[in-house]
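Novice: just coords:
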């Protein structure tokens, strides 16, 4: 020990500074990190089981779907209430009310590779708080309509399969006619007389008439 640490005054000052630091920490900690007294009555396993049971009853997601759960909260609402709508006391009162719960369990029901999935939400006390469902653009709710659509789609596929050879035949004929017309246009352009025919000879003849002179162009092909 150094001569300084052997003096009682050093330790008295040390204890006083430590006590002041603890007092400041106890006062500022709730301000820096607000504490919420939240009564969570539903466990993770219970939330997972409740979400799967709800999916089995309402068919929110495919039957072969997997499930995942997380505990989440509305950070944006907490910031707004604490800063603009009453402070920490108002937010604590909001967590105890039954109108809106800023904390919840999210149970995601999904199948890898499929668009259809659902997210079921529960309040901390276990009460259902809603769900979100995502479906494909071709989704049809009524099973009878699904069967009818499947039959119509199969019938349409069969008709297309039967008509494909005939359609291809007409397309080939149209392409052949278009090619023939193009060949005829190119042939006419090649056989058309040119304005600069090398075998054509022209000359100017001046004829004297009583009314005056007239220039006449005479041409002859060789």
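Specialist: Received it, and whenever you're ready, just let me know what you need. Computed from a prediction, not measured in an experiment: that's the story for all the values here.
Novice: what segments of the protein are helices?
Specialist: 8-32, 44-58, 75-84, 87-96, 143-191 (DSSP state H).
Novice: quick check: closest non-adjacent residue to residue 109.
Specialist: Counting by C-beta to C-beta, 6 or more residues apart in numbering, residue 109 lies nearest to residue 61, which is 3.8 Å off, once chain neighbours are set aside. No exception for glycine: its C-beta is placed from N, CA and C like everyone else's.
Novice: in TSV: the helices of the chain, plus mean neighbour count, mean pLDDT and distance to residue 68.
Specialist: Putting the helices of the chain into TSV (neighbours: other C-beta atoms under 10 Å; pLDDT from 0 to 100; distance: least, C-beta to C-beta, whole Å) gives the following:
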stretch	mean neighbour count	mean pLDDT	distance to residue 68
helix 8-32	10	78	32
helix 44-58	16	88	8
helix 75-84	13	82	20
helix 87-96	14	78	25
helix 143-191	10	76	28
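Novice: of the ones you listed, give the one that comes closest to residue 131.
Specialist: helix 44-58 (7.6 Å; C-beta to C-beta).
Novice: just checking, what packs against the closest one?
Specialist: strand 66-73, strand 103-110, strand 117-122, strand 128-134 (3 or more C-beta pairs under 8 Å, 6 or more residues apart in numbering; DSSP states H and E).
Novice: in CSV: those strands, plus mean pLDDT, mean neighbour count and distance to residue 38.
Specialist: Formatted as CSV, these follow (pLDDT from 0 to 100; neighbours: other C-beta atoms under 10 Å; distance: least, C-beta to C-beta, whole Å):
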stretch, mean pLDDT, mean neighbour count, distance to residue 38
strand 66-73, 90, 14, 9
strand 103-110, 90, 20, 6
strand 117-122, 90, 21, 14
strand 128-134, 86, 13, 15
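Novice: tabulate those strands in a markdown table, adding columns for distance to residue 19.
Specialist: A markdown table is the format used below for the helices and strands packed on helix 44-58 (distance: least, C-beta to C-beta, whole Å):
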| stretch | distance to residue 19 |
| --- | --- |
| strand 66-73 | 35 |
| strand 103-110 | 36 |
| strand 117-122 | 45 |
| strand 128-134 | 46 |
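Novice: please name the residues that touch the residue nearest to residue 109.
Specialist: 55, 109-111, 116-118, 133 (C-beta atoms under 8 Å, 6 or more residues apart in numbering).
Novice: can you do 10 Å?
Specialist: 51-52, 55, 67, 108-111, 114, 116-120, 131, 133-135 (C-beta atoms under 10 Å, 6 or more residues apart in numbering).
Novice: among the helices of the chain, which comes closest to residue 126?
Specialist: Here helix 44-58 is closest among the helices of the chain (C-beta to C-beta), at 6.8 Å.
Novice: how far away is residue 71 from residue 104?
Specialist: For residue 71, the distance to residue 104 (C-beta to C-beta, to the nearest Å) stands at 8 Å.
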